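*Asks:* no sequence for this one, just the structure:
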């Protein structure tokens, strides 16, 4: 599969995993906003051979009052985490979770944004077990053989894939596409369970990431994804749309969906957690 799609079906993933000419491995990226342990979920049953990748320590830097809840990790932290999970520069990574890609998309986006081969498993662990049965899962936390230090490149995120808080504010003010990926109630400001105050960046349009997923737990067709983002005012002529969420995690779900549909966007990593901490409530 020379051209790697951003999203793979179970059948496509199995074919790639079985191809001896393409070193491919699975990454379990389960993470829960309510504080449940992704590693415990992994130990309770994961795809055979998958390595666990922790969102909090590998896919994010420590939270600070000025950078948001999930700042992007530095190159050394990310690369070392990939090596600890057994991945090298040559590995194609297929990432999954149990939430239709809501957290696994962060890994896929980070890998692609640093020049690596990665794809999201459509439907996650549920689609895999529906196709192959519960017997296809392993239990326990066996760990993996780490890759040698230095075998995963310390590559920065392509700056053209990123936006700052100032970029996001300017986009909203100037009518450029600015997409808020959170649930509508949080976008409207009806509720805010996590951050400093409720609302959204002025000028933003709401495209709830979970609505990229159909009733079957898989991504809706690419033409429907394009229609969703066109209705939000982007992409348009000029800079690529800026996409944010609460802390830069589920925004990656929208970005993966966009890329799979032939659209490119930029991540504002600090997202609402940074903006609301640094901007007084109106």
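*Replies:* Looks like it came in fine. The shown structure was predicted, so the numbers you read here are calculated from the model rather than taken from an experiment.

*Asks:* Quickly note the distance from residue 159 to residue 25.
*Replies:* 28 Å (C-beta to C-beta, to the nearest Å). In short, each C-beta sits where N, CA and C put it, glycine included.

*Asks:* End to end on stretch 107-126, go ahead and measure it.
*Replies:* This stretch, stretch 107-126, spans 19 Å end to end (C-alpha to C-alpha, to the nearest Å).

*Asks:* May I see the buried residues of it?
*Replies:* Across stretch 107-126, burial judged by 16 or more other C-beta atoms under 10 Å covers 107-114, 116-126.

*Asks:* Mind jotting down where the helices sit in this structure?
*Replies:* Ranges of helices within the chain are 10-17, 38-44, 55-58, 75-84, 104-113, 124-132, 165-174, 184-188, 222-231, 251-260, 271-278, based on DSSP state H.

*Asks:* any residues touching the last one, and which ones?
*Replies:* In other words, helix 271-278. 63, 65-70, 165, 168-169, 180, 182, 186, 192, 194-197, 199-201, 244-248, 251 (C-beta atoms under 8 Å, 6 or more residues apart in numbering).

*Asks:* Can you tell me which of these are buried?
*Replies:* Buried members of these, scored by 16+ other C-beta under 10 Å, are 67-70, 165, 168-169, 180, 182, 186, 192, 195-196, 199-201, 244-248, 251.

*Asks:* lowest-confidence helix or strand of the protein?
*Replies:* Within the chain, no helix or strand scores below helix 222-231, which has a mean of 93 by mean pLDDT, DSSP states H and E.

*Asks:* coming back round to it: TSV for the helices of the chain, including distance to residue 154?
*Replies:* Listed next are the helices of the chain as TSV, based on distance: least, C-beta to C-beta, whole Å:
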stretch	distance to residue 154
helix 10-17	26
helix 38-44	25
helix 55-58	14
helix 75-84	4
helix 104-113	13
helix 124-132	29
helix 165-174	25
helix 184-188	35
helix 222-231	33
helix 251-260	21
helix 271-278	25
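
*Asks:* Compare those and say which comes out lowest on pLDDT.
*Replies:* Ranked by mean pLDDT, these end with helix 222-231 at the bottom, a mean of 93.

*Asks:* Report all helices and strands that that helix contacts.
*Replies:* Applying 3 or more C-beta pairs under 8 Å, 6 or more residues apart in numbering; DSSP states H and E, one finds that helix 222-231 contacts helix 251-260.

*Asks:* What residues of stretch 39-51 count as buried?
*Replies:* By neighbour count with 16+ other C-beta under 10 Å, stretch 39-51 contains the buried residues 41, 42, 45, 46, 47, 50, 51.

*Asks:* can you list contacts of it?
*Replies:* Outside of stretch 39-51, the residues within contact range by C-beta under 8 Å, 6+ apart are 25-28, 30, 32, 52, 54, 85-87, 96, 98, 125, 128, 134, 136-141, 144.

*Asks:* Since that was my last question, I'll sign off now.
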